[in-house]
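Undergrad: kindly generate the corresponding structure for this input.
(6 chains)
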Number of protein chains: 4
Amino acid sequence: MRSVKKESRREQILSCAARIFAKKGYHATSISDICKRSDVARGTIYLYFKNKRDIFDTLIKNFTGDIFRRISVFTPGEALQPQFNRNMCAVVDIITQNKDLTKIMVSEAVGLDAEFDHQLILFYARLVEYVEGALTMLQKNGDISKHVNVRLLAYALVGAIKEIAYQWALDGGNVLDMDPLIKTARQFNIQNFIAFTGES
Amino acid sequence: MRSVKKESRREQILSCAARIFAKKGYHATSISDICKRSDVARGTIYLYFKNKRDIFDTLIKNFTGDIFRRISVFTPGEALQPQFNRNMCAVVDIITQNKDLTKIMVSEAVGLDAEFDHQLILFYARLVEYVEGALTMLQKNGDISKHVNVRLLAYALVGAIKEIAYQWALDGGNVLDMDPLIKTARQFNIQNFIAFTGES
Amino acid sequence: MRSVKKESRREQILSCAARIFAKKGYHATSISDICKRSDVARGTIYLYFKNKRDIFDTLIKNFTGDIFRRISVFTPGEALQPQFNRNMCAVVDIITQNKDLTKIMVSEAVGLDAEFDHQLILFYARLVEYVEGALTMLQKNGDISKHVNVRLLAYALVGAIKEIAYQWALDGGNVLDMDPLIKTARQFNIQNFIAFTGES
Amino acid sequence: MRSVKKESRREQILSCAARIFAKKGYHATSISDICKRSDVARGTIYLYFKNKRDIFDTLIKNFTGDIFRRISVFTPGEALQPQFNRNMCAVVDIITQNKDLTKIMVSEAVGLDAEFDHQLILFYARLVEYVEGALTMLQKNGDISKHVNVRLLAYALVGAIKEIAYQWALDGGNVLDMDPLIKTARQFNIQNFIAFTGES
DNA sequence: CATGAATGAGGTTTCATTCAT
DNA sequence: AATGAATGAAACCTCATTCAT
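TA: I've put the predicted structure just below:
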């Protein structure tokens, strides 16, 4: 039972930290803020985390880990479109269920410091690589013109999703709700998207 | 002529600050760093700027101001496509000519604090509004299906450009160069892009 | 028998603490360190000792108590030299058998804080008093010139022993071993030592 | 003139710190204490010193530096006794003129931490080496029996001086005053001291 | 007796900003 | 206009001690 309690304390700190990081940003969030919100003493935080940065890293790692656990690599034989849609839906699912973490990932985490930037870059690089892989398969099949720059296309797709997630997570007067995106994700048509950057 | 000298001093501080902000991020950049690089005493900085934040704000304002000065609103009668392309080229021009500021805009500035987030949101909102306006015109003309969510489409386009600019500005082993984007910008075909999110 | 077990637990904590205090010093030694080494929970320590300082005080008191228990006051009739030598040997014995405590006494304990300094001063004062007493007896007997400052002489003797014990306890590459000192202690000749500070 | 002022500020901090370190010990002395006493703001301290430890190190280095600057190596041809006495007097001079630093050297500094202990050991090792060198010369000349352990003798001499300096610096009710020691230093007779540890 | 999770006072250090020169 | 020494608020983090189990 103790381990359960310990786990819950840790989780409690994490979720409160996520809320505040999302709201105020990493630097503007003080350990005090996290203490107050999670109703925990200063020292207690340091029983579960090495330092403020460790809390942040843990949040990001959990989130990115979730993303990659839910994305499945392409099965060569199977049709590409439904696989792609399944993965899109998975990502959109995780995003919509973790608004705080999404906000952190797309805004608070950016430009934190050189070391963290590196981690973030690796994450997106992996994501882009995944998309690029799928597009390359299509290009080989002749579904995409050989003149299309698939890497650029992959960045564009990831960027488009990031921006929409960002706007949604901002919560700025509910400018945007996620429903259209969710629908879009389910019906997403690669062929259409390919046309985006056109042929070069 | 004194004012010229003063202006140049101011410019000198600004460009040095831009370089360091781009490299280390807002928080990791100290006033000391800016002093050393611009070869100016600490107190002098405060003759030209209210505080550290003021330097940053000025940089951002200059950059976003440049962007909007170069974008021209649509002339109703004229064909949409060439107008759109001219604007795209203008934006890409500014981006490629100000790598430091681009980096700051797309990464250091994000998640800085609640107040700044607001400014950034306004900037992108204005950009999105511009794009949305253009798309709406097309939709009215019947060029775009009435089922397309033009706002979502606008976010997607802005996000795609942001991500590509971000990757380029990161300078991470020169993964990306701007040339293809520049070309794409010149040949950008709205009709193709519309297909992106498909019909909903 | 419970008391035996309790006693052994107490002793266990004490000896582990002595080892760590000797190695790392009072301030650098944390309660955690003592817990880990003595395989006892944090709270348990506070069943046997009031606080960290109490552990330290106990160690010092045990050591200084041992010293004084083994030193016998001078029997007036008996010859001074053999009595002095017996006491010297006793002290050297305790020192050589408790390297950790010796280290603590001569280095970690010094300058701990104002209150503890007082205790330490009292201990050395008592030691010096003992030596001074012996020397005074000799002086009265006419064995020492009346011009000799016996208190200074006493300090010198105690200081000499302390320094040698300190160097031995430091363990720095075994610069020194205790054997010569032990031999010297057995053959120590007061008359010779008297010459140390000379006549004033 | 500025450099003079700066130097004086530094000196001011150093002397105040010495006073407090001597009184309360290194760990019990807080940066706040030093600020209050030297009437300087917290941050100012860090303009002149890297951290608290740096202040302490500087004090110790100044003191030990002074000692070695005032000790002159033996000139082979010249008589040993007057040279030895001159050096003794020099050391006693520095000690008597820097009570705070003496207290720090002989008590606060001992057992501070492993790294500092090393520095202290090196200092005393150098001092002992100096004394040992002198004694060895005498031993070669046949002035000291070949059976005498000169290293032990050297430790004893250094220890005796340390202890006397310690007792003097403690200030505990003026138990001791330095005058006798100063006199002794001037008249110090090596030949007499040699008898201290006797022959082994 | 024993535990170890929780506490929170208190320390060091940083750095944007000021102001006398 | 320019300087840079001085400031002090505010942050992070440690660790001796407590107390419910």
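
Undergrad: what does chain A have sitting close to DNA strand F?
TA: Residues of chain A that fall close to DNA strand F, judged by C-beta under 7 Å from any atom of the strand: A:29-32, A:42-43, A:46, A:51-53. No exception for glycine: its C-beta is placed from N, CA and C like everyone else's.

Undergrad: just the buried subset of the residues you listed, please.
TA: A:29, A:52 (16 or more other C-beta atoms under 10 Å in any protein chain shown).

Undergrad: state the helix or strand in which the residue lying closest to A:Phe74 once chain neighbours are set aside lies.
TA: Excluding the flanking residues, the one nearest A:Phe74 by C-beta to C-beta, 6 or more residues apart in numbering or on different chains is A:Gln83, at 5.6 Å. Using DSSP states H and E, A:Gln83 sits within helix A:80-97.

Undergrad: tell me what that helix is packed against?
TA: For helix A:80-97, the packing partners by 3 or more C-beta pairs under 8 Å, 6 or more residues apart in numbering or on different chains; DSSP states H and E come out as helix A:52-70, helix A:114-140, helix A:150-170, helix A:179-187, helix A:190-194.

Undergrad: make it 7 Å
TA: helix A:52-70, helix A:114-140, helix A:179-187 (3 or more C-beta pairs under 7 Å, 6 or more residues apart in numbering or on different chains; DSSP states H and E).

Undergrad: make CSV out of these and add mean pLDDT.
TA: CSV is the format used below for those (pLDDT from 0 to 100):
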stretch, mean pLDDT
helix A:52-70, 94
helix A:114-140, 85
helix A:179-187, 64
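
Undergrad: I'd like those as JSON lines, with distance to chain C appended.
TA: Conversion of the helices and strands packed on helix A:80-97 to JSON lines gives the following (distance: least, C-beta to the nearest C-beta, whole Å):
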{"stretch": "helix A:52-70", "distance to chain C": "19"}
{"stretch": "helix A:114-140", "distance to chain C": "29"}
{"stretch": "helix A:179-187", "distance to chain C": "50"}
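
Undergrad: which among those helices is found nearest to D:Ala17?
TA: When those are compared by C-beta to C-beta, helix A:52-70 sits nearest D:Ala17, at 31.5 Å.

Undergrad: lowest-confidence helix or strand of chain A?
TA: When each helix and strand of chain A is scored by mean pLDDT, DSSP states H and E, helix A:190-194 comes last, with a mean of 55.

Undergrad: one step back: chain center to the helix holding A:Gln83, what's the gap?
TA: 12 Å (C-alpha atoms, centre = their mean, to the nearest Å).

Undergrad: distance from the chain centre to the next helix or strand along the chain from that helix, please.
TA: Once the chain leaves helix A:80-97, the next helix or strand it forms, by DSSP H and E, is helix A:99-103. Distance of helix A:99-103 from its chain centroid, counting by C-alpha atoms, centre = their mean, is 8 Å.

Undergrad: and for stretch A:84-100?
TA: For stretch A:84-100 - counting by C-alpha atoms, centre = their mean - the centre lies 8 Å from the chain centre.

Undergrad: swap in stretch A:60-79?
TA: 12 Å.

Undergrad: ditto for stretch A:129-144
TA: 22 Å.

Undergrad: give me the buried stretch members for stretch A:124-134, please.
TA: Under 16+ other C-beta under 10 Å, the buried positions of stretch A:124-134 are A:124, A:127-128, A:130-132, A:134.

Undergrad: give me the element whatever residue of chain A ends up closest to chain C is part of.
TA: Residue of chain A nearest chain C, by C-beta to the nearest C-beta: A:Leu47 (12.1 Å). Under the criterion of DSSP H and E, A:Leu47 resides in helix A:42-48.
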